[in-house]
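Chemist: Structure, please.
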Amino acid sequence: MNKYNYLSTSDSLSFILEIVDISSDFIKPGPDYWFPKEKEGIPLPVFKGISQVGIVVDNLKEKIRKYEDTYNIGPWHIEEYNSDNIKDMFVYENRKDYSMKIAFCVLGNIQFKLIEPLDESIYSEFYNRYEGKLIHHLRMDVDDYHGVLNYLRIRILVLLLK
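Modeler: Next up, the predicted model:
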């Protein structure tokens with residue numbers, strides 16, 4: 001029997017933490033369909049795995065301290081990004097300079113990325129909208145970048161037309 005426990009860590013981690021105890025005899029069922037389908041009928045996965053969790057925060061140092069003190073997650077590497085070290089920044093397809101501090105931490109094969117917006121940007125807009133209660137992004141690894149983008153665009157159009 002598998003055991004699942006969901007812990008409310010929204011204030012400290014900005015997400016709900018799931019702790020799992022998987023029994024040794026558990027067999028994970030396969031998917032009904034993967035994109036794209038192989039010619040011989042063997043399905044291939046669209047996404048190979050999650051490699052990054054991105055969370056927008058209002059105070060980077062405070063959030064890092066919570067991660068380290070409460071969950072022993074670290075060490076963290078902090079960088080500041082702005083128009084001095086990133087060229088051609090865009091917001092909603094319009095050229096716009098902005099700045100942010102980002103902290104990176106590797107946990108297993110997942111990179112945690114904490115983003116503190118320093119001025120108006122898509123990150124500050126996201127934080128103001130969700131007040132730090134929602135993960136900003138999951139980075140999904142793919143083999144066929146353009147193929148997956150085209151597939152997702154088609155899926156979104158199909159959903160919009162329903």
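Chemist: so is R155 in a helix, a strand, or just coil?
Modeler: helix (DSSP: H, G, I helix; E, B strand; the rest coil).
Chemist: With just CA atoms, put the lowest-mean-pLDDT helix or strand in the chain into PDB.
Modeler: Here the helix or strand of the chain ranked lowest by mean pLDDT, DSSP states H and E is helix 10-13, holding a mean of 71. Below are the C-alpha coordinates for helix 10-13, written out as PDB (Å, rounded to 0.1, in the frame of the first residue of the first chain):
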ATOM      1  CA  SER A  10       3.000  27.300   1.600                       C
ATOM      2  CA  ASP A  11       4.400  30.000   3.800                       C
ATOM      3  CA  SER A  12       7.900  28.700   3.800                       C
ATOM      4  CA  LEU A  13       8.300  26.800   0.500                       C
END
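Chemist: helices and strands around it, which ones?
Modeler: For helix 10-13, the packing partners by 3 or more CB pairs under 8 Å, 6 or more residues apart in numbering; DSSP states H and E come out as helix 60-71. Heads up, the C-betas are built off the backbone N, CA and C, glycines and all.
Chemist: Show me what the helix it packs on is in contact with.
Modeler: Contacts to helix 60-71, defined as CB atoms under 8 Å, 6 or more residues apart in numbering, come from residues 9, 12-14, 55, 57, 73-74, 76, 78, 101, 103, 105, 112, 114, 116.
Chemist: Generate a ChimeraX selection restricted to the buried entries among these.
Modeler: With 16 or more other CB atoms under 10 Å as the criterion, this ChimeraX line picks the buried residues out of these:
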select :13,14,55,57,74,76,101,103,105,112,114,116
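Chemist: Narrow the contacts of helix 60-71 to those in helices?
Modeler: When the contacts of helix 60-71 are checked against helices (DSSP state H), the matches are S12, L13.
Chemist: could you pull out the strands for the protein?
Modeler: 3-9, 15-21, 49-56, 77-81, 90-91, 94-95, 100-107, 110-117, 137-141 (DSSP state E).
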